[in-house]
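In: predicted model, plus sequence, below.
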Amino acid sequence: MNRKLICQILNHEMMLATGCTEPAAIALTAAIAREQLDGELEHIKVRASANIIKNAMSAGIPGTNYTGINYAAALGAVCGAVDRQLRVVDDARPEDIERAAHLVENGYVDVRRAFDPDKLYVEVELVNKEHQSRAIIKGAHTNVILVERDHQRVGCELPGQTMETDITPEQISRTLNIRTIYEFVETMDRRQDDLHMIQEAIEVNGHIAQLGAAGDYGLNIGHGIRNNQEAGLMGHDVVMDAVAMTASGVDARMAGANAPVITNSGSGNQGITATVPILSAAKSLGIDEERTFRAVTLSNLMAIHIHADFGPLSGLCGATIAAAAAACGLVYLQGGTLEQIGFAVNNMFGNVSGMLCDGAKADCALKISTCVFAAFQCAAMALRSESVKATDGIVETDPEETIRNFVRLGNEGSSKCDDLILEMLLQK
């Protein structure tokens with residue numbers, strides 16, 4: 001087991017972001033292009049893949065009352081701080097927001113679909129009467145593949161990024177599996193292993209869940225669950241408290257709360273889902289901090305493992321992956337075995353694997369509440385050594401094979417769904 005590499009994978013696949021990562025990637029691409037444009041910005045052209053468009057159309061932009069690709073691009077071009085990566089517009093001032101809105105409302109931002117084969121593709125070109133600049137992010141939310149100044153290619157590394165810190169999906173696939181993750185978590189040493197992103201996820205994702213619980217955000221799914229608990233329609237128990245807390249974090253994030261999250265595999269919602277249910281359950285069950293830390297580590301590693309071949313975007317809802325990982329973390333939290341963690345994988349993908357992604361928006365909190373409830377049910381089954389059978393659906397005896405079947409559904413089976421969903425969204 002390469003302990004150092006596993007830590008590098010964790011710290012590469014978990015990062016700070018504010019708001020939905022697809023609008024953030026658009027704003028970041030625009031900010032990169034703006035650094036190369038001489039003179040006043042006059043026109044913005046955005047070309048993005050179907051999955052980016054789907055996930056950026058309705059998500060709130062932090063610190064503003066706006067949603068949408070055009071506003072994200074305009075704000076990134078006006079005031080984006082490239083060195084902050086997916087927190088690129090955190091420091092936008094009122095006058096910056098007003099300038100971005102002026103560009104959008106006067107028709108200076110043109111958004112169209114790009115027919116690139118990669119599901120995560122963002123291209124932003126900025127022009128004025130004399131100069132041009134362009135940037136492209138592809139494959140991952142901060143993976144810059146091209147920067148152009150007056151049609152001449154220039155260097156494209158983001159600040160702080162080096163070849164030494166780059167981790168590929170193939171490298172993750174070769175390194176992580178359920179057994180390796182379990183053995184790493186069982187033997188990790190917090191004094192020697194670099195697990196700073198797990199500690200940060202516990203603090204940051206726990207904070208946005210509390211922020212959402214205290215505020216008024218989006219569909220208020222978390223508040224609604226608490227209201228139902230008070231009315232006697234739902235129980236005050238370990239499961240519903242965790243569902244409410246997780247949904248509250250997503251409520252806040254999707255409404256554009258100006259508070260960061262730690263992402264998992266490029267998704268803030270999945271970072272919340274892989275972390276907050278375990279924190280809430282541990283608190284309710286009185287489980288010690290050390291076991292909780294290890295369970296959160298296992299959950300986040302499981303999400304990264306599944307995502308390695310699945311990719312960052314799909315026609316299937318990524319909450320199913322993060323919740324499957326959370327189910328594994330819940331099993332470990334309560335003393336479950338390696339075999340029972342495998343049962344949790346089979347139970348989850350026998351249950352919620354067909355949930356569609358129809359874009360990033362307020363009701364992501366509703367979908368995640370469904371998946372988190374399923375995670376507790378599937379973990380409880382696993383702890384009783386009950387598993388969906390290999391004769392049923394896409395489930396195999398080996399949970400790694402079950403994961404591969406789910407990945408095939410996302411990669412080979414969802415392209416037509418993506419096209420149909422995007423068509424429906426654009427025809428509204």
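Out: Perfect, thanks for sending it.
In: can we go C-alpha only for contacts and neighbour counts from here?
Out: Will do.
In: you'd agree residue 148 is in a helix?
Out: No - counting by DSSP: H, G, I helix; E, B strand; the rest coil, one finds residue 148 to be strand, located in no helix.
In: residues in contact with it?
Out: Contact analysis of residue 148 by Cα atoms under 8 Å, 6 or more residues apart in numbering lists 33, 36, 133, 134, 135, 154.
In: pLDDT wise, what is it at?
Out: The model reports residue 148 with a pLDDT of 96.
In: what bridges to it?
Out: residue 134, residue 153 (DSSP bridges).
In: any idea how far residue 235 is from residue 377?
Out: Using Cα to Cα, to the nearest Å, we find residue 377 at a distance of 15 Å from residue 235.
In: ditto for residue 335
Out: Using Cα to Cα, residue 335 is found at 24 Å from residue 235.
In: contact partners of the helix or strand bottoming out on mean pLDDT in the chain?
Out: Ranking every helix and strand in the chain by mean pLDDT, DSSP states H and E puts helix 415-426 at the bottom, with a mean of 87. Helix 415-426 is contacted from outside by 50, 51, 53, 54, 314, 315, 358, using Cα under 8 Å, 6+ apart.
In: among the residues you listed, which lie within strands?
Out: Counting by DSSP state E, the contacts of helix 415-426 place none of their members in strands.
In: among the residues you listed, name the buried ones.
Out: Neighbour counting by 16 or more other Cα atoms under 10 Å classes 50, 51, 53, 54, 314, 315, 358 among the contacts of helix 415-426 as buried.
In: give the contact list for the third one.
Out: What that stands for is residue 53. By Cα under 8 Å, 6+ apart, the residues touching residue 53 are 69, 113, 422.
In: longest helix anywhere in the protein?
Out: In the chain, taking DSSP state H as the definition, the longest helix is helix 289-310.
In: next secondary structure after it?
Out: Remark: after helix 289-310, the chain's next helix or strand is helix 319-333, criterion DSSP states H and E.
In: and that following helix, average pLDDT?
Out: Here helix 319-333 scores 98 as its mean pLDDT.
In: and that helix, what other elements does it pack with?
Out: helix 268-285, helix 289-310, helix 338-349, helix 364-383 (3 or more Cα pairs under 8 Å, 6 or more residues apart in numbering; DSSP states H and E).
In: among those helices, which is nearest residue 402?
Out: Relative to residue 402, the nearest member of the helices and strands packed on helix 319-333 by Cα to Cα is helix 338-349, separated by 6.5 Å.
In: so which elements touch the closest one?
Out: Packed against helix 338-349 by the contact rule (3+ Cα pairs under 8 Å, 6+ apart) you find helix 178-187, helix 319-333, helix 364-383, helix 399-412.
In: just put the ones you listed in JSON lines and tack on mean neighbour count and distance to residue 10.
Out: As requested, those are exported to JSON lines (neighbours: other Cα atoms under 10 Å; distance: least, Cα to Cα, whole Å):
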{"stretch": "helix 178-187", "mean neighbour count": "17", "distance to residue 10": "11"}
{"stretch": "helix 319-333", "mean neighbour count": "31", "distance to residue 10": "14"}
{"stretch": "helix 364-383", "mean neighbour count": "24", "distance to residue 10": "22"}
{"stretch": "helix 399-412", "mean neighbour count": "19", "distance to residue 10": "19"}
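In: reformat those as a markdown table; add distance to residue 59.
Out: Below are the helices and strands packed on helix 338-349 laid out as a markdown table (distance: least, Cα to Cα, whole Å):
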| stretch | distance to residue 59 |
| --- | --- |
| helix 178-187 | 33 |
| helix 319-333 | 16 |
| helix 364-383 | 10 |
| helix 399-412 | 22 |
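In: send the alpha carbons of stretch 342-357 over as CSV?
Out: Below are the C-alpha coordinates for stretch 342-357, written out as CSV (Å, rounded to 0.1, in the frame of the first residue of the first chain):
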residue,chain,number,x,y,z
GLY,A,342,-19.0,-4.3,0.5
PHE,A,343,-22.6,-5.2,1.3
ALA,A,344,-23.3,-1.4,1.7
VAL,A,345,-22.0,-0.8,-1.8
ASN,A,346,-24.3,-3.5,-3.2
ASN,A,347,-27.3,-2.3,-1.3
MET,A,348,-26.9,1.3,-2.4
PHE,A,349,-26.4,0.5,-6.1
GLY,A,350,-29.2,-1.9,-5.9
ASN,A,351,-31.3,1.0,-4.7
VAL,A,352,-30.6,4.5,-6.0
SER,A,353,-28.4,3.9,-9.1
GLY,A,354,-31.1,5.1,-11.5
MET,A,355,-31.5,8.6,-10.2
LEU,A,356,-31.1,11.1,-13.0
CYS,A,357,-29.1,14.4,-12.9
